[in-house]
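Undergrad: Predicted structure and sequence below. I'll ask about it afterward.
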Amino acid sequence: MDKKIARKCALILLKIRQKKPLIHHITNMVTANDNANVTLAIGASPVMALSKYEVEEMTAQADSLVLNLGTLNPDLIESCWLAGKVANQKGIPVILDPVGAGATQYRTSTAKKILSEMKIAIIRGNVGEMSALLDDPRFIKGVDAEVTGLSISDLAQEASKRYETVVAVTGKVDYISDGIHLISVYNGHPWLKILTGAGCMASSLCATFASVEEDHLMSTAAAIGFFGVCAEIAAKKVKGPGLFHQVLFDVIYNMDVETLVSSLQVEMK
């Protein structure tokens, strides 16, 4: 494991707590509360303005923008366009979470349209979602990912090259690529798979880390690794996913740089 990369990742946590960035979420109703709480726990400030009448003004004040397609509808799509346009004009990083891409044509086409017409700094999704964005929807089951024989590391790199952005494909091992470099993250816990909104929280953390670090390959690896380390520590304190959910926020709140450095299992190729 690369401890030099781990330390670089961990030091971004200090920037977050010093700057306390504002993270604007256009997100889904299922996980909005967890997205807000994970952002608060790490030391940033969340805002969840969804109305087309205020998203442009709110985005202009933000340090990053999350577009989460979990509960997709025409009003949310319009707000995504309005907010994304302002973010692109002002150089604010936009993080796309294409929840359920591949499950329906509506979701897939919306995600692809955003990617073709908006500058996206980071895409964070599971194997199924990323496969759908690459026109291979065989590995979709609702909004969850099915098992695939495809190399997930290759999937991350291919998606990054196609969309010219940093891509994080999360799973048992997480892969982050900018199309040239590949970072593998080995932290995490199986209970994240049965925790509604775990992926959405990971996307919120990607936005939070990206808001204070211009190297989005490194910021994304830091966010994903941070979440995985916190999950591992939280799981040791409880006996099941219910309390795990609660304790996870405590661990995020109390995480320090040295614990993060010593716990991160990251590797760059």
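TA: It's in.

Undergrad: so how far is residue 105 from residue 123?
TA: 19 Å (Cβ to Cβ, to the nearest Å). Glycine gets a C-beta too; all of them are placed from N, C-alpha and C.

Undergrad: next one: the host helix or strand of residue 234 to chain centre, how far?
TA: Here residue 234 sits within helix 216-236, counting by DSSP states H and E. Relative to its parent chain, helix 216-236 has a centroid offset of 11 Å by Cα atoms, centre = their mean, to the nearest Å.

Undergrad: What's the mean pLDDT across stretch 154-171?
TA: Average pLDDT, stretch 154-171: 95.

Undergrad: actually stretch 247-266, not the one I wrote
TA: pLDDT averaged over stretch 247-266 gives 97.

Undergrad: Determine the three-state secondary structure at residue 84.
TA: Residue 84 carries the three-state label helix when classified by DSSP: H, G, I helix; E, B strand; the rest coil.

Undergrad: show me the contacts for the residue nearest to it when sequence neighbours are not counted.
TA: Spatially, and ignoring its direct neighbours in sequence, residue 84 is nearest to residue 118 (4.5 Å; Cβ to Cβ, 6 or more residues apart in numbering). Shown in contact with residue 118 (Cβ atoms under 8 Å, 6 or more residues apart in numbering): 81, 84, 85, 88, 94.

Undergrad: got those as CSV, with distance to residue 22 and neighbour count columns?
TA: Shown next, in CSV, are the contacts of residue 118 (distance: Cβ to Cβ, whole Å; neighbours: other Cβ atoms under 10 Å):
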residue, distance to residue 22, neighbour count
81, 21, 16
84, 16, 24
85, 18, 16
88, 17, 18
94, 14, 26
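
Undergrad: Residue 123 and residue 105: which is more packed in?
TA: Neighbour count, other Cβ atoms under 10 Å: between residue 123 and residue 105, residue 123 has more, with 29 against 9.

Undergrad: Would you agree the more buried one falls within a strand?
TA: Yes. Assessed with three-state DSSP, residue 123 lies in a strand.

Undergrad: surely it meets residue 98?
TA: Yes. With contact defined as Cβ atoms under 8 Å, residue 123 reaches residue 98; the gap is 6.8 Å.

Undergrad: Which neighbours do those two have in common?
TA: With Cβ under 8 Å, 6+ apart, residue 123 and residue 98 have common neighbours residue 133.

Undergrad: measure the residue nearest to residue 84 to residue 112 for me?
TA: 11 Å.

Undergrad: again with residue 208
TA: 26 Å.

Undergrad: quick one, which of those two is more surrounded?
TA: The residue with more neighbours, out of residue 208 and residue 112, is residue 208; 31 against 16, by other Cβ under 10 Å.

Undergrad: Skip the chain neighbours and tell me the closest residue to the more buried one.
TA: That would be residue 44: by Cβ to Cβ, 6+ apart, it lies 4.8 Å from residue 208.

Undergrad: All the strands of the chain, in order from the start?
TA: For the chain, strands defined by DSSP state E occupy the ranges 22-26, 45-47, 64-68, 94-97, 122-125, 140-141, 144-145, 166-169, 174-177, 182-185, 266-268.

Undergrad: mind checking which of the ones you listed is nearest residue 250?
TA: strand 45-47 (17.7 Å; Cβ to Cβ).
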